[in-house]
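Participant: Got a predicted structure here, sequence first:
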Amino acid sequence: MCVLLLEFHTHKGGLPAMASLWSRFVKRLRWHWEQGVIIPRLGQSPAGAATGDGGSGDGGGDDDDGGGFGGVSGPDHTAVLIHQELQMLNCCTVSMLRHTGRRRRFYSGSKGRSGSATSASSSTAGDTGTGNTGNTGTGAGTALCADAAAPSPSPADDDEDEGDEFFEAPEHMPDSPSLTAVAAAERNDAADLTRGVVARHRSLTLLRSGEPVCIPLTQDGAGVYMTEDMVTAQQEIFASLGSNKEASSLRARLQAASLLSDMEAFKAANEGALLEDFVRWHSPRDWTAAGGGGGDERGRGVLSERMLTPGNLWQECWSSARAVPVARQRTLFDYTVEAEKVLHYLETMEASELLAQVIPVVLDAGFVTLASTGLGSLSPVRDYLDELQTDLRDVRSEDTHPRRVDTDRCGRALDSMKLVEVMGAYAVALLDRLGPAGAGRADVVGRLLTGDAVELEDRGRDGPLVRFLLAGGRGGPSGRGSEHHGVDAVPDSKEFVLRCSARRPCFETSQLLPQRMYAQLTEESFRIAGAFAEDHSMM
């Protein structure tokens, strides 16, 4: 995209053409956001999926909540700000898809559980009315059996009341343990969705009840997705608070929103849980097991010293946390606001700021192209490539969010790039002229690029090359013809093109017009062609 922008600026109409292209690009970005489509090829690796064990110190690793929307890594602070903003837009899109999927599954789970309860109540009432007390099937099982045993309506029934069908309930319903187990599993799954449970821990159990710890869905922290300018703004706010004890406490509270959200989700997933249960799952380093040199009078482990300090932030957050699943929490990362900020920044960007971020990217692309030619194996070309890389590092080192083009640094980088191109062209021409590979030509070319003349020995490593040159380029080191190495020092023909401007037919009054003559010479023939213009306006 950066190369295309500069191409429009250089060859397609200047700044108006570049602005038109950028406007269409930003409109396409808005379409991606509104339609929930990820922007491809931004170099964002998918974040690690949850293992189901939690205890990783990051709230259980909610990178894939089962809705099919895996997380992505945050913006790369080593890239230019435009690239970071595009990555931020992808983060907003992924967060929107994940949050929407959570809420949809949460409410569908609630409806499924209430629907099962209603069906079961209706089934119980029907069984009571018919005197059936031996039916242990669920409402779904009762409806299935009743539908299978229902008799076909008779013609007399149709005559009595058209359009109505009546079914007789069976007097005895067979027990169906399999259907009962399936319905119970469905109710449990619906309950887990409502409470925001991902899975049950394989080893941790609640200290009070002994039940397995339920791993909850958790939110992405508010500081997970931040561009470089957002980090700078946050640091400035924290620095403005001061360095006293109250300021430190306030900074900790501002950064504790993610911790409070994780505690509320954990409480919703684990009824009756203690702070110790949460610490064992969320921060295992702050828990000493009974067999590890610690433990209380009941043989359990103990919290770390920092967790037992009076007024500890974790204790305060735990006491104020409510049991709220993540689907009903207020999002820490407001993806809608952040996405609109990104689009507003891109829509209102000045041309000078856009060029200041585009030009370094184009220079880097040019360096990659030059380095991929393979000429870096020649020491003179390699030295110029190293110098170019240093100049490009100076262009990028000052700021990833430049407001104006640094013409001095960009000029030095362009000069270095020109030298690399010239040296590369010299090297290609010499390599093509000096015969096939393996004839010692790489070393000779390297010496020719650094000096005017090179002495060759007729023996040793220069011997094949000397014989090749003395043979007029017709034969290689093996004596074979040039068709084996694609080099022919003697041309089959020579071509000449003569161009000039002259006044014809009248030297004094005619205008200057272009004239051209072409000549081709071979060993057996020659050909001459001319194209001459005359001014007939005054004739």
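Facilitator: Great, that's in hand.
Participant: So which residues of the stretch 401-539 of the chain form strands?
Facilitator: For the stretch 401-539 of the chain, the strands defined by DSSP state E, counting those that start in this stretch occupy 494-503, 512-521, 526-531.
Participant: Check those for me and report the most buried one.
Facilitator: Most buried of those, by mean neighbour count (mean count of other C-beta atoms under 10 Å): strand 512-521, with a mean of 14. Yep, even glycine has a C-beta here, placed from its N, CA and C like the rest.
Participant: Average pLDDT for that strand, rounded please.
Facilitator: Strand 512-521 shows a mean pLDDT of 93.
Participant: do stretch 313-327 as well
Facilitator: 88.
Participant: Surely Val198 forms part of a helix?
Facilitator: No. Using DSSP: H, G, I helix; E, B strand; the rest coil, the assignment for Val198 is strand, not a helix.
Participant: so it touches Val213, yeah?
Facilitator: No. Using C-beta atoms under 8 Å, Val198 is not in contact with Val213; the gap is 11.2 Å.
Participant: the more surrounded of these two?
Facilitator: Counted by other C-beta atoms under 10 Å, Val198 and Val213 do not tie: Val213 has more neighbours, with 25 against 22.
Participant: Report the secondary structure element holding that one.
Facilitator: strand 212-216 (DSSP states H and E).
Participant: Enumerate the positions of stretch 369-376 that are buried.
Facilitator: 370-371, 375-376 (16 or more other C-beta atoms under 10 Å).
Participant: Likewise for stretch 319-332?
Facilitator: 321, 323-327, 329, 331-332.
Participant: Could you work out the end-to-end span of it for me?
Facilitator: One end of stretch 319-332 sits 20 Å from the other (C-alpha to C-alpha, to the nearest Å).
Participant: one step back: to Met349, which of the strands of the stretch 401-539 of the chain lies closest?
Facilitator: When these are compared by C-beta to C-beta, strand 512-521 sits nearest Met349, at 45.3 Å.
Participant: The nearest residue to Leu434 once chain neighbours are set aside: neighbouring residues, count only.
Facilitator: Leaving aside its sequence neighbours, Leu434 sits nearest to Arg441 (C-beta to C-beta, 6 or more residues apart in numbering; 4.1 Å). Arg441: 21 surrounding residues under other C-beta under 10 Å.
Participant: so what's Thr267 closest to, chain neighbours aside?
Facilitator: Heads up, residue 267 is Lys, not Thr. Ala323 (4.1 Å).
Participant: cool, Glu211 as well?
Facilitator: Using C-beta to C-beta, 6+ apart, the nearest residue to Glu211 is Thr205, at 6.3 Å.
Participant: Just confirm that neighbour contacts Pro212, I think it does.
Facilitator: Yes. With contacts counted by C-beta under 8 Å, Thr205 reaches Pro212, the gap being 5.6 Å.
Participant: just to revisit the earlier point, so the residue nearest to Lys267 lies in a strand, does it not?
Facilitator: No. Counting by three-state DSSP, Ala323 is not found in a strand; it is coil.
Participant: wait, what's in contact with it?
Facilitator: Residues in contact with Ala323, defined by C-beta atoms under 8 Å, 6 or more residues apart in numbering, are 264, 267-268, 271.
Participant: got it, and Ala256?
Facilitator: Neighbours of Ala256 in contact, by C-beta under 8 Å, 6+ apart: 313, 317.
Participant: which stretches of the stretch 151-300 of the chain have low pLDDT?
Facilitator: 151-192, 220-223, 290-299 (pLDDT under 70).
Participant: go with 90
Facilitator: For the stretch 151-300 of the chain, the stretches with pLDDT under 90 are 151-200, 202-203, 207-210, 217-261, 271-272, 283, 285-300.
Participant: Then the stretch 351-500 of the chain?
Facilitator: 351-414, 419, 422-493.
Participant: Try it again at 80.
Facilitator: 376-377, 379, 395-406, 430-448, 450-491 (pLDDT under 80).
Participant: Show me where it has its helices.
Facilitator: 351-371, 379-397, 407-433, 441-450, 463-470 (DSSP state H, counting those that start in this stretch).
Participant: quick one: contacts for Arg251?
Facilitator: Per C-beta under 8 Å, 6+ apart, neighbours of Arg251: 238, 241.
Participant: The helix or strand hosting it: which residues count as buried?
Facilitator: Assigning secondary structure by DSSP H and E places Arg251 in helix 245-254. Residues of helix 245-254 classed as buried by neighbour count (16+ other C-beta under 10 Å): Arg251.
Participant: ok so, going back, how much space between the residue nearest to Leu434 and Leu370?
Facilitator: Arg441 sits 21 Å away from Leu370, taking C-beta to C-beta, to the nearest Å as the criterion.
Participant: Show me the one of the strands of the stretch 401-539 of the chain that comes nearest Val454.
Facilitator: Val454 lies closest to strand 494-503 among the strands of the stretch 401-539 of the chain, at 27.7 Å (C-beta to C-beta).
Participant: That closest one - contacts with which helices or strands?
Facilitator: With contacts taken as 3 or more C-beta pairs under 8 Å, 6 or more residues apart in numbering; DSSP states H and E, strand 494-503 sits against strand 512-521.
Participant: Which one of the strands of the stretch 401-539 of the chain lies nearest to Trp31?
Facilitator: Short answer: strand 512-521, nearest of the strands of the stretch 401-539 of the chain by C-beta to C-beta, at 50.4 Å.
Participant: related to what we said a few turns ago, distance to Leu346 for the buried residues of stretch 319-332 - can I get that in CSV?
Facilitator: Formatted as CSV, those follow (distance: C-beta to C-beta, whole Å):
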residue, distance to Leu346
Ala321, 38
Ala323, 41
Val324, 35
Pro325, 35
Val326, 31
Ala327, 31
Gln329, 30
Thr331, 23
Leu332, 24
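Participant: sec struct for Gly311, please.
Facilitator: Quick answer, by three-state DSSP: Gly311 is coil.
Participant: That one: how many residues sit nearby?
Facilitator: 7.
Participant: likewise the one 3 residues further on?
Facilitator: Taking other C-beta under 10 Å as the criterion, the count of residues near Trp314 is 21.
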